[in-house]
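A.B. asks: Please work out how this folds:
(2 chains)
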There are 2 protein chains.
Amino acid sequence: MAKPWATLGVDLHVEPTGPGLRRGLTDALREAVRSGRLAPGTRLPSSRALAADLGIARNTVADSYADLVAEGWLTARQGSGTRVAERAVVPPAGAAPRRRELHRPAYDLRPGFPDLASFPRAEWARAARRALAAAPNEAFGYGDPRGRLELRTALAGYLSRVRGVRAAPDRIVVCAGFSQGLRILGTVLRARGVRTVAVESYGLDVHWTLLSRAGLRTLPLPFDHLGTDPAPLTDEGAVLLTPAHQFPMGVPLHRDRRAAVVDWARRTGGLVLEDDYDGEFRYDRQPVGALQGLDPDRVVHLGTASKSLAPGLRLAWMVLPPGLVEEAAAAKGGIDTCGVVDQLTLAEFIVSGAYDRHVRSARLRYRRRRDALVAALAERAPAVRATGVAAGLHAVLRLPSGTERQVLRAATWQGLAVDGIVRYRHADADVEPMDALVVGYGTPPDHAWTGALDALCAALPE
Amino acid sequence: MAKPWATLGVDLHVEPTGPGLRRGLTDALREAVRSGRLAPGTRLPSSRALAADLGIARNTVADSYADLVAEGWLTARQGSGTRVAERAVVPPAGAAPRRRELHRPAYDLRPGFPDLASFPRAEWARAARRALAAAPNEAFGYGDPRGRLELRTALAGYLSRVRGVRAAPDRIVVCAGFSQGLRILGTVLRARGVRTVAVESYGLDVHWTLLSRAGLRTLPLPFDHLGTDPAPLTDEGAVLLTPAHQFPMGVPLHRDRRAAVVDWARRTGGLVLEDDYDGEFRYDRQPVGALQGLDPDRVVHLGTASKSLAPGLRLAWMVLPPGLVEEAAAAKGGIDTCGVVDQLTLAEFIVSGAYDRHVRSARLRYRRRRDALVAALAERAPAVRATGVAAGLHAVLRLPSGTERQVLRAATWQGLAVDGIVRYRHADADVEPMDALVVGYGTPPDHAWTGALDALCAALPE
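C.D. replies: Predicted coordinates for the structure are as follows:
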């Protein structure tokens, strides 16, 4: 006989075998515990419930439980029912040891993370509750591959208001982080026959790898104090840029070059992929509107909640030229891949104004950190110049020539995780070598920022 | 007549009315375009596909398309099919038009959906609040590509207890629905040099398409009353099965065949992909434990929250043989793609017992619907035999030979969206043709079930 679940307590899958029911049940339960299939502490169904479900006498189950309590496999306590004993499982020999977390750096100053400690948990939970209550039933079904309309509508309004993006809900495709967006675009471009995507000399190798995996060659453009230089662009099918705040160098793309990129796209039918990863965080310079506003038919605007809220949400978005929406939706797999609850919650978060409030408060926090960083450098490491600090969550610290490696070693001794600029340079980039650190100020929690700065200054040349 | 969607291209809901089929279809399509319900640029199904789906002659559809091209509503171009013309829509004056929901079928009996109205919104919101409060800060960062450890731990306990799966958290990869899982596995198999995946004669074409897109040929296995027959398996690299409850036929895989499949995998080094899509919903037959329990080194167990909770969560999971975890994580993109809040919420939902409670109550609801279906058929359509009803969220209604199309047409007249078995048959399947309906009982809300049954019985031969 076999019966997989009980009507009370927990679902339980046992297949009693052998002679006598009691012995069969006992053997099956013992084996389930011994093998670890029933984890220590697991609560078993009541004898009554299990008996009803197995269609056998309650006493048989009770006796079986009693046997196993006597053998030490189960424990029975008044009020907490029958449970698998805590020490019941013998771990298999040679089981993988738990990964050790030794040598974790004291401070993580690598860029790319917001302050995870400031994720607005309570506000998010409230928005989720409201969103869940308001959602139509069909929201819980298989969704539009572009993402929930509520979110696309909220984003269209927000992006147009805050970033100057020309957006309509039906031109937006929600995606699981920037990575999924770039992967989708890589697939679409490749399917259109594109073979080469121009990129920046400095950037993230994971993005270049994503494009390579889609079968696209990445070709770096020159870079100088005006940002990335689009002049060498010819018949590449697309160019990937961070116009508002070059990553990681921090300069905004000069207005002449913005115009030149769009001109190139119009002239050649190319596509500009605008990675607007931290467009919300501007401190003391003129805001830089989205490049997409210049030509929504030639620029794909990519934004993300990874910096403004948290990477763990895995929510990003693309605003696409009209002709590209269907192809992108198909490349996404023809169905939505992002959870509807988070999508509806983000929509509610934006519409209710909680998103704006959160971004404002985060901006203030990051600005204070940035100010402390600049002040500490001026006082304690005057040989080091911080650049790219007008916006974003990181700065580039220019080091005296030839010192990058040495500073990185010193930083490690100080318990810092921090990156040298070299790891952000494209292998084929034709740029003058420089020595620099890329210092993110998102990750350390507020209380740790002073300590992180002390450690950083101690690692820098005086 | 009415039919809500077509097998190729886009979802399309047309309800030709008036005299003559051609004119009715033309009017319905024109109205769909004029109202904006079919957006400019939308690709229409091929005339063959739409004709097959509507159960009418292909020429009728082709003529109708031709009329609308002549009128300027559609465009037809070699190689890109028939599309809605870009300038076709006259936007109505005034505010954004609310999408018209005319002609929606009164009852949707297509399989694959749980009862969306019963998604436990309030419990989910409470679990989310608790999960958000308890999460460590790092949970909001970029995650382990396998998914959150809390969820993998909860799943390992649950699957072992309820489905007899031999699972450890580090062998589980969370994915955005079964589709992402299958796509990942397709990529992994192809990278390992596999070229052919055996599949079942009956199944979901979207799954076959996913495998094809990964570069894999799908080869259907024979099917009879014992389920899918693994005897012809030779050197295919993998086989995709629904052992607990064949989709859509509903039979469990016979125990000899379960053993034979695992033997084949051991002998040839092949992999068994176990699609356990509705393993939680069993009513009155012997439980069928997961095939994976027979050999966790050769069987990948795939489960999903799409049937037990809601597809909109986009949460599914794979339990993988040890050697496959790293490859699967890489094929997922090397980072987590599922939102952390939903993952933590599902973990909390499982650990707190809310998941078990929800599944039990859903099981009871579906069982009542199933009982009502069987009783109604016995009384009002004795010529029709319901099979595959011991488990799951759908039944197969065997029809008198040669009547499937006619019954589908009658069902459409009754305002039912329902599928014939023909759309679940693999194009290369060598099985005796049969006439049957696949009737899902998940979608209609409770209050509509009686009405849905009345409409269904009215469409069936007496």
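A.B. asks: quick one, phi/psi of A:D275?
C.D. replies: A:D275 adopts backbone torsions of phi -90, psi 100, taken as degrees, to the nearest 10.
A.B. asks: what's the distance between the residue of the stretch 51-200 of chain A found nearest chain B and B:A347?
C.D. replies: At 3.7 Å from chain B, A:F140 is the closest residue in the stretch 51-200 of chain A, using C-beta to the nearest C-beta. All C-beta spots, glycine's among them, are computed from the backbone N, C-alpha and C. Distance of A:F140 to B:A347, given as C-beta to C-beta, to the nearest Å: 19 Å.
A.B. asks: swap in A:G79?
C.D. replies: From A:G79 to B:A347 the distance is 26 Å (C-beta to C-beta).
A.B. asks: excluding its backbone neighbours, what's nearest the residue of the stretch 351-462 of chain A found nearest chain B?
C.D. replies: Here the residue of the stretch 351-462 of chain A nearest chain B is A:P445; by C-beta to the nearest C-beta that distance is 7.5 Å. In space, not counting the residues next to it along the chain, A:P445 is nearest to A:A117; the distance is 4.3 Å by C-beta to C-beta, 6 or more residues apart in numbering or on different chains.
A.B. asks: wait, is the one you found part of a strand?
C.D. replies: No - counting by DSSP: H, G, I helix; E, B strand; the rest coil, A:A117 is located in no strand; its state is helix.
A.B. asks: if I pick it, what's in contact with it?
C.D. replies: A:445-446, B:137 (C-beta atoms under 8 Å, 6 or more residues apart in numbering or on different chains).
A.B. asks: Which per-residue confidence value corresponds to it?
C.D. replies: On pLDDT, A:A117 comes in at 92.
A.B. asks: Pairing partners for the closest residue in space to A:L216 that isn't next to it in sequence in the sheet, please.
C.D. replies: Spatially, and ignoring its direct neighbours in sequence, A:L216 is nearest to A:V197 (4.9 Å; C-beta to C-beta, 6+ apart). Beta-bridge partners recorded for A:V197 (DSSP bridges): A:T218, A:A238.
A.B. asks: number of nearby residues for A:V197?
C.D. replies: A:V197 has 27 neighbours, counted by other C-beta atoms under 10 Å in any protein chain shown.
A.B. asks: so it sits right up against A:T218, yeah?
C.D. replies: Yes - between A:V197 and A:T218 there is a contact at 5.7 Å, judged by C-beta atoms under 8 Å.
A.B. asks: Tell me which of A:G79 and B:A347 has more neighbours.
C.D. replies: B:A347 (25 against 4).
A.B. asks: so who does that one touch?
C.D. replies: B:131, B:148, B:150-151, B:153-155.
A.B. asks: again, only using 7 Å
C.D. replies: Counting by C-beta atoms under 7 Å, 6 or more residues apart in numbering or on different chains, B:A347 makes contact with B:131, B:148, B:150-151, B:154.
A.B. asks: Now A:G215: closest residue in space, sequence neighbours ignored.
C.D. replies: Counting by C-beta to C-beta, 6+ apart, A:G215 lies nearest to A:R190, which is 4.7 Å off, once chain neighbours are set aside.
A.B. asks: Please give the element, helix or strand, for that neighbour.
C.D. replies: In this structure, A:R190 sits in helix A:177-191 according to DSSP states H and E.
A.B. asks: Can you give me the buried ones in that helix?
C.D. replies: Using 16 or more other C-beta atoms under 10 Å in any protein chain shown as the test for burial, helix A:177-191 gives A:177-190.
A.B. asks: again with stretch A:110-118
C.D. replies: Across stretch A:110-118, burial judged by 16+ other C-beta under 10 Å covers A:110-116, A:118.
A.B. asks: How about stretch A:61-75?
C.D. replies: Quick answer for stretch A:61-75 (16+ other C-beta under 10 Å): A:61-68, A:73-75.
A.B. asks: How about residues contacting it?
C.D. replies: A:22, A:25-26, A:29-30, A:33, A:44, A:47, A:50-51, A:76, A:82-85, A:88.
A.B. asks: Could you identify the buried members of those residues?
C.D. replies: A:22, A:25-26, A:29-30, A:33, A:44, A:47, A:50-51, A:82-85, A:88.
A.B. asks: which residue is nearest the middle of chain A?
C.D. replies: The centroid of chain A falls nearest to A:P311 when counting by C-alpha atoms, centre = their mean (2.8 Å).
A.B. asks: Can you name the residues that contact that residue?
C.D. replies: Taking C-beta under 7 Å, 6+ apart, one finds B:141-142 in contact with A:P311.
A.B. asks: got a pLDDT number for it?
C.D. replies: pLDDT at A:P311 comes out at 96.
A.B. asks: again with A:V396
C.D. replies: pLDDT, A:V396: 96.
A.B. asks: Ramachandran coordinates for it?
C.D. replies: Dihedral pair for A:V396: phi -110, psi 120, per degrees, to the nearest 10.
A.B. asks: what about it, neighbour count?
C.D. replies: Under the neighbour criterion other C-beta under 10 Å, A:V396 is assigned a count of 24.
A.B. asks: quick one: it and A:G250 touch, right?
C.D. replies: Yes - using C-beta atoms under 7 Å, A:V396 is in contact with A:G250, at 5.6 Å.
A.B. asks: what's the overlap in contacts for those two?
C.D. replies: Shared contacts of A:V396 and A:G250, counting by C-beta under 7 Å, 6+ apart, come down to A:387-388.
A.B. asks: for the stretch 151-300 of chain A, what spans make up the helices?
C.D. replies: For the stretch 151-300 of chain A, the helices defined by DSSP state H, counting those that start in this stretch cover A:177-191, A:205-213, A:255-268.
A.B. asks: would you list these in TSV and tack on mean pLDDT?
C.D. replies: Shown next, in TSV, are these (pLDDT from 0 to 100):
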stretch	mean pLDDT
helix A:177-191	97
helix A:205-213	95
helix A:255-268	97
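A.B. asks: Would you double-check that A:Y65 falls in a helix?
C.D. replies: Yes - using three-state DSSP, the secondary structure at A:Y65 is a helix.
A.B. asks: near chain B, which residues of the stretch 151-300 of chain A?
C.D. replies: Residues of the stretch 151-300 of chain A found near chain B (C-beta under 7 Å from any C-beta of the partner chain) are A:176-177, A:179-180, A:183.
A.B. asks: what stretches of chain A score poorly on pLDDT?
C.D. replies: Scanning chain A for pLDDT under 70 picks out the ranges A:1-20, A:87-103, A:285-287.
A.B. asks: for it, which helix is longest?
C.D. replies: helix A:354-380 (DSSP state H).
A.B. asks: in the helix or strand just after that one, what's buried?
C.D. replies: Counting by DSSP H and E, the next helix or strand C-terminal to helix A:354-380 is strand A:385-387. Residues of strand A:385-387 classed as buried by neighbour count (16+ other C-beta under 10 Å): A:385-386.
A.B. asks: Give the pairing partners of strand A:385-387; include direction for each.
C.D. replies: Using DSSP bridges, the strands paired with strand A:385-387 are strand A:394-398 (antiparallel).
A.B. asks: so the partner strand versus helix A:354-380, what angle?
C.D. replies: 20 degrees (axes from the mean of the first three to the mean of the last three C-alpha atoms, to 10 degrees).
A.B. asks: now strand A:394-398: how far from the chain's centre is it?
C.D. replies: 23 Å (C-alpha atoms, centre = their mean, to the nearest Å).
A.B. asks: CA-only coordinates of whichever helix or strand comes after that strand in CSV, if you can.
C.D. replies: Downstream of strand A:394-398, the next assigned helix or strand under DSSP H and E is helix A:404-413. Presented in CSV, the C-alpha positions along helix A:404-413 are these (Å, rounded to 0.1, in the frame of the first residue of the first chain):
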residue,chain,number,x,y,z
GLU,A,404,48.0,50.6,-9.1
ARG,A,405,49.2,47.1,-8.2
GLN,A,406,51.0,48.2,-5.2
VAL,A,407,48.0,50.1,-3.9
LEU,A,408,45.7,47.1,-4.5
ARG,A,409,48.1,45.0,-2.4
ALA,A,410,48.0,47.5,0.3
ALA,A,411,44.3,47.7,0.2
THR,A,412,44.0,43.9,0.6
TRP,A,413,46.2,44.2,3.7
